[in-house]
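*Asks:* model the following, please.
(chains A and B)
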Amino acid sequence: MLGYIIRRILAVIPVIVSVAVFVFLLLRLTPGDPAAIIAGDMATPEQLERIRRSLGLTEPLHVQFITWVGLLLQGDLGTSLISNTPVTRMIGQRIWPTINIALLTITLSVLIAVPLGVLAAWRHRTWSDYAVMTFSVLGFSIPVFVIGYIFIQIFSIELRWLPVQGYSPPSQGFGRFLSRAILPCLTLATIYVALIARMTRASMLEVLGEDFIRTARAKGVKERVVLFRHALRNAAVPIMTIIGTGFALLIGGVVVTESVFNIPGLGRLTVDAILARDYPVIQAMILLTSAMYVLINLIIDISYTFFDPRIRY
Amino acid sequence: MTAAPQPVSGLQWLLGALSLPQRWRSGVGPIIAAIVLVVIVLTAIFAPLIAPHDPLTMNSVQRLKGPSDIYPLGTDAYGRDLFSRTIYGGRVSLLIGIGAAFTSVIIGLLIGLVSGFFRLADAIIMRIMDSMMAIPSILLAIALVSLNGPSLWSVLAAITIPEVPRVVRLVRSVVLSAREEPYVEAAITLGTSMPKILLRHLMPNTLAPLTVQGTYICASAILTEALLSFLGAGVSTEIPTWGNIMAEGRVYFQIKPSLIFWPGLMLSLCILSINLLGDAARDVLDPRFKKREA
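*Replies:* Numbering: from 1, shown residues only, chains lettered A, B, ... in the order given. Model prediction:
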């Protein structure tokens, strides 16, 4: 068990290293002068020179790489071309709203999606199954910002229940935080719920056909216990996997949702960086989100042994 | 398991009729989806004939007007006809959806065939693919567009590249199991040339799963294009795309929500029908899935 965890952690290192190499080469191997691309058409030679220097583009490729990795290992993600502040500091200022929204979204999604998926599998081929599946297909098909604007239109403009946009940290009162965070979280949760509910349904359908479920029912175990203790635990591994892979969707969704709801988080930082062509920030965001994605999937991989003790590596 | 018959209300009937697994088998869902998609594709192709106005002509007197006889859906902030823009907007979205699906399937197929058949290449290729898969695709696309400029080609490339590793994985897994089959061994023993084994004996196995995957890639590419445009990292704002129309409509959302509603509706209908067709194709082409559902 411990051996498995250690091996699994070690297996992450080459992935992270190759992501770093990939991100490094992305800028350098782009056809044309990267400094000119970043600076845009109106750049003066001095501006180009400044960008080249701040990205270290004047050195040979291997020297650039060693310097870049060296700085990276010290936690230096570069300096913004626009505000001239270290990117790590910019991320530090913006990371909390995103983490809070993401945590609330994941909690909400799992709490909504898993019961829905169980219901759909339990009532297979009834209208509740079709309703869940319809919702799931719709959730995949409607772009996240359209959902966001529909929610704003209904709950903030028509019903006037919630503020239209903005953010307030939980430290200034949890109710205040919740009233502003609930719409972005529901918006983000839509696609995540669609994904998890679909997988829960498929996985539960498979397990509900097993002999031990029939045995449990035959010996008179309560249906609720059969569903949630006998079946769901055995269906958990694919559900956990999809929660992990769906995290990439969540990241994409955060970028969009934060600009729809005007939340000063990492997503807004990314969008501002896109509009200002602030490449060091974009690059740092790719590294950060990839590392988070890999890390979360690592934790989920390790959690399999907890959900299914038969898994021994 | 079968549930006891439920009393059916109007809403319940509607939900059941709209959806889905059972209806697909009887063929109603995919047919509706196909009709919707054909209509969207035809309006995009014949946009110049259908659109009442030029989608780019500005009219400063007619800014943000409501629906009228002249402007069926009203006008945007520059006085351009929303109806015409929405019709033209489908062109870029569909082009990118279809283009990204074909390009990523072809590139992924070639890499996947090689990766599945040659062990040495496999180790290197899959390492690269793993690292690409670890980068959230929308951020990878954003980085590619911001490095290559907002042209149609660079957006197409930015959407295609993150999809390639998924195709490679699929093709590779099919090839890995197919290459152990006796007919492949027989072909090797007979001295069949390597390209012929790959293309003649292994590739046909991948066609069914790739058709399904290609459909899903098409839907997700259209969605990604809209997201990129919406974020300001998409096709140049001079070209009307569903994402661009919505991005410009954001500022006026509280005054004129239809600037987001109509393109959003077209976009969602388009993606929905492609997804439904993909599910139908999967049910037909993947016997394993059918058995599980039955």
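*Asks:* report the contact partners of A:Leu71.
*Replies:* A:77-78 (CB atoms under 8 Å, 6 or more residues apart in numbering or on different chains). Backbone N, C-alpha and C define where each C-beta goes, glycine included.
*Asks:* which element is it on?
*Replies:* helix A:61-73 (DSSP states H and E).
*Asks:* which parts of the helix or strand following that helix are buried?
*Replies:* Counting by DSSP H and E, the next helix or strand C-terminal to helix A:61-73 is helix A:87-122. Buried positions in helix A:87-122, judged by neighbour count with 16 or more other CB atoms under 10 Å in any protein chain shown: A:87-88, A:90-91, A:94, A:96-98, A:100-102, A:104-106, A:108-110, A:112-122.
*Asks:* what helices and strands are in contact with helix A:87-122?
*Replies:* helix A:127-141, helix A:174-208, helix A:232-245, helix A:247-260, helix A:266-276, helix A:279-307 (3 or more CB pairs under 8 Å, 6 or more residues apart in numbering or on different chains; DSSP states H and E).
*Asks:* apply 6 Å and report the result again.
*Replies:* Where contact means 3 or more CB pairs under 6 Å, 6 or more residues apart in numbering or on different chains; DSSP states H and E, helix A:87-122 is packed against helix A:127-141, helix A:174-208, helix A:266-276, helix A:279-307.
*Asks:* those helices: which one's closest to chain B?
*Replies:* For the helices and strands packed on helix A:87-122, proximity to chain B was assessed by CB to the nearest CB; helix A:127-141 is nearest, at 3.8 Å.
*Asks:* tilt between the closest one and helix A:247-260?
*Replies:* Using axes from the mean of the first three to the mean of the last three CA atoms, to 10 degrees, the inter-axis angle of helix A:127-141 relative to helix A:247-260 is 70 degrees.
*Asks:* near chain B at all, helix A:127-141?
*Replies:* Yes: shown here: helix A:127-141 in contact with chain B (CB under 6 Å from any CB of the partner chain) through A:127, A:130-131, A:133-134, A:137, A:140-141.
*Asks:* what about the chain, any weak spots by pLDDT?
*Replies:* Assuming you mean chain A. Along chain A, the parts satisfying pLDDT under 70 run over A:32, A:41, A:311-313.
*Asks:* please go with chain B instead
*Replies:* B:1-27, B:286-294.
*Asks:* for residue 61, which non-adjacent residue is closest in space?
*Replies:* All of this refers to chain A. Distances taken as CB to CB, 6 or more residues apart in numbering or on different chains place A:Arg28 nearest to A:Leu61, at 6.4 Å, with adjacent residues excluded.
*Asks:* that's the wrong chain, I meant chain B
*Replies:* B:Val61 sits nearest to B:Gly79 (CB to CB, 6+ apart), 6.7 Å away.
*Asks:* against B:Val36, how distant is that neighbour?
*Replies:* 30 Å (CB to CB, to the nearest Å).
*Asks:* likewise for B:Ser220?
*Replies:* Noted for B:Ser220: a distance of 18 Å to B:Val36, by CB to CB.
*Asks:* neighbours of A:Gln64, how many?
*Replies:* A:Gln64 has 17 neighbouring residues, counting by other CB atoms under 10 Å in any protein chain shown.
*Asks:* now the closest residue to it other than its chain neighbours: how far from chain B?
*Replies:* Nearest residue to A:Gln64 in three dimensions, chain neighbours excluded: A:Gly56, at 5.3 Å (CB to CB, 6+ apart). Distance, A:Gly56 to chain B, using CB to the nearest CB, to the nearest Å: 16 Å.
*Asks:* for the stretch 201-313 of chain A, which residues are neighbours of chain B?
*Replies:* The stretch 201-313 of chain A comes close to chain B at residues A:248, A:251-252, A:256, A:271, A:274-275, A:282, A:286, A:289-290, A:293-294, as judged by CB under 6 Å from any CB.
*Asks:* repeat that for 8 Å
*Replies:* For the stretch 201-313 of chain A, the residues in contact with chain B (CB under 8 Å from any CB of the partner chain) are A:202, A:205-206, A:208, A:248, A:251-252, A:255-256, A:259-260, A:270-271, A:274-275, A:277, A:279, A:282-283, A:285-286, A:289-290, A:293-294.
*Asks:* this completes my enquiry, with thanks.
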